[in-house]
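K.L.:
Kindly return the folded structure for what I paste below:
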Amino acid sequence: MTAEERRESVVRAAMIEFARGGYHGTSTEAIARRVGVSQPYLFRLFPGKQAIFSAAAERCIEETWRAFDEASAGLSGEEAAEAMGGAYLALVEDREQLMMQMQLYVSVFAARAAGEDEVGETARRLWESLFERVRVRLGGDLKSATAFFGQGMLINTLVALGFPQEHRIWGGFDECGQGGEAE
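P.N.:
Residues are numbered from 1 along each chain as shown. You can find the predicted model right below:
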């Protein structure tokens, strides 16, 4: 493998490991082991754990945007919101994707408590970029983007808690224009 292919393997492995253990609960040794490389080689590809976490966080957010972008290409407003909402339901069926996203939020808090605000700066930059791209796709309205992300956080909660999409608690999405069934 080339260094770039190894780097890609590290990012994929890091997403899985960080999704399961969070920033502080994941060792670079576990990531290296999952990829099949030594820790010293891992640090030739990335300068440190924060850089690996940042790359995994960026991948997570970019995969989210890619799903939104593909689903809503050529759409705007409510049509775009519905398309992106359906794409998000399908995306978070991948538990590692969902858990990496949620670990990103938790890790910011934990890193800040440990005096490591670089993790938070990266997470805020990535999340704000996602928010702005969605806001523009929805037609530029801040209120619509806020409502969209509010529903997304509820989806995160319901999926993380294990509520099947057939459960009555998902019924409210039907009433607000986003069905509880993944397409």
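K.L.:
Can you get me a residue count around Phe109?
P.N.:
12 (other Cβ atoms under 10 Å). (C-beta placed from N, C-alpha, C; glycine too.)
K.L.:
Please identify which helix or strand holds it.
P.N.:
helix 95-113 (DSSP states H and E).
K.L.:
I would like the residues contacting the helix or strand just after that helix, please.
P.N.:
Heading C-terminal from helix 95-113, the first helix or strand you meet, by DSSP H and E, is helix 118-137. With contacts defined as Cβ atoms under 8 Å, 6 or more residues apart in numbering, helix 118-137 is touched by 23, 50, 53-54, 57-58, 61, 64-65, 68-69, 72, 75-76, 80, 84, 104-105, 107-108, 111-112, 141-142, 144-145, 148-149.
K.L.:
and those, which are buried?
P.N.:
23, 53-54, 57-58, 61, 64-65, 68-69, 72, 80, 84, 104, 107-108, 111, 144-145, 148 (16 or more other Cβ atoms under 10 Å).
K.L.:
ok, the closest residue to His24 other than its chain neighbours - contacts?
P.N.:
Nearest residue to His24 in three dimensions, chain neighbours excluded: Ala110, at 5.4 Å (Cβ to Cβ, 6 or more residues apart in numbering). Residues in contact with Ala110 (Cβ under 8 Å, 6+ apart) are Gly22, Tyr23, His24.
K.L.:
In terms of distance to Glu5, which of these ranks first?
P.N.:
Tyr23 (25.0 Å; Cβ to Cβ).
K.L.:
what is the mean pLDDT for the helix or strand containing that closest one?
P.N.:
Following DSSP H and E, one finds Tyr23 within helix 3-25. In this model, helix 3-25 carries a mean pLDDT of 93.
K.L.:
what packs against that helix?
P.N.:
helix 28-35, helix 39-45, helix 49-72, helix 95-113 (3 or more Cβ pairs under 8 Å, 6 or more residues apart in numbering; DSSP states H and E).
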